[in-house]
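Novice: Next comes the sequence, and after it the predicted model I'd like to discuss.
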Amino acid sequence: MTDENAVAAIDDDQEKTETAMQELSEGGIDNERRSIVSRAFRRSEMSKLGTLILAIGCSVAAAELAAAADFDGSRNLLCAPTDLVECGGAGECQRLTAEALNMPQFFTIDFKKKQMSGKLENGEMSTTAIQNVVKHEERTILQGAERGRGWSLAIKHATGEIAAAVAGDETSFVFFGACLPR
């Protein structure tokens with residue numbers, strides 16, 4: 001059956017159902033035909049519901065694919081750390097602000113240039129080279145090293161959420177945040 005024939009059959013069923021429903025409301029229909037009309041009406045409504053569910057499912061899937069494309073390394077990102085924790089060698093940890101860690105409140109990730117950069121509180125620009133990029137199914141992972149510390153940052157494709165860890169000799173810190181496509 002071609003798409004045109006299927007559409008015509010659905011339209012024909014809807015017309016018959018509407019005609020029968022009109023007859024039913026006017027009282028000119030017997031019990032046997034009433035049962036047939038009722039079943040046809042339910043099938044018609046279920047068909048409409050199935051079509052609606054399919055359309056919603058396709059829309060959600062398309063939106064998720066579009067969002068995932070924003071965070072898969074194909075577009076530059078603007079990111080903000082939201083939760084930061086610093087831990088010392090003895091295991092004591094404390095929450096800090098980006099400024100307290102001398103970290104930009106916002107930073108950009110430029111995948112083509114393989115660098116992250118942002119403006120520090122004192123107005124200076126800070127730039128860090130991205131030395132390794134690994135793309136997994138659900139995340140892109142960036143890695144690098146600077147001033148005797150190694151770091152790793154994971155970007156969730158579906159949402160742009162980030163999680164990062166920086167490890168040094170005496171202290172390490174972890175931060176979480178979110179990114180937007182630029």
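Specialist: Ah, there it is. Residues are numbered from 1 along each chain as shown.

Novice: Could you point out which residue ranges in the chain have low pLDDT?
Specialist: 1-69 (pLDDT under 70).

Novice: Tell me where it has strands.
Specialist: All strands of the chain, identified by DSSP state E, fall at 77-88, 93-96, 107-110, 115-119, 125-129, 132-135, 139-146, 149-156, 161-167, 171-181.

Novice: helices and strands around the fourth one, which ones?
Specialist: Using 3 or more CB pairs under 8 Å, 6 or more residues apart in numbering; DSSP states H and E, the elements in contact with strand 115-119 are strand 107-110, strand 125-129. The way it works is simple: take the backbone N, C-alpha and C, and place the C-beta from them, glycine included.

Novice: do the last one as well
Specialist: Secondary-structure packing of strand 171-181 (3+ CB pairs under 8 Å, 6+ apart): strand 77-88, strand 161-167.

Novice: Most tightly packed of those?
Specialist: Of all these, strand 161-167 carries the top mean neighbour count, a mean of 18, counting by mean count of other CB atoms under 10 Å.

Novice: got the contact list for that strand?
Specialist: 79, 81, 149-156, 172-179 (CB atoms under 8 Å, 6 or more residues apart in numbering).

Novice: let's see 6 Å
Specialist: Strand 161-167 is contacted from outside by 79, 149-155, 173-179, using CB atoms under 6 Å, 6 or more residues apart in numbering.

Novice: cool, stretch 168-182 as well?
Specialist: By CB under 6 Å, 6+ apart, stretch 168-182 touches 70, 75-89, 149, 160-166.

Novice: before we move on, what about stretch 89-98?
Specialist: 81, 84-87, 105, 170.

Novice: Just give the closest residue to Val133, not the sequence neighbours.
Specialist: Nearest non-adjacent residue to Val133, counting by CB to CB, 6 or more residues apart in numbering: Leu142, 5.8 Å away.

Novice: can you pull up the bridge partners for the one you found?
Specialist: Applying DSSP bridges to Leu142 gives these bridge partners: Val133, Leu153.

Novice: got a list of what it touches?
Specialist: 130, 133, 153.

Novice: neighbour-wise, which of those residues leads?
Specialist: Highest neighbour count within these, by other CB atoms under 10 Å: Leu153, with 23 neighbours.
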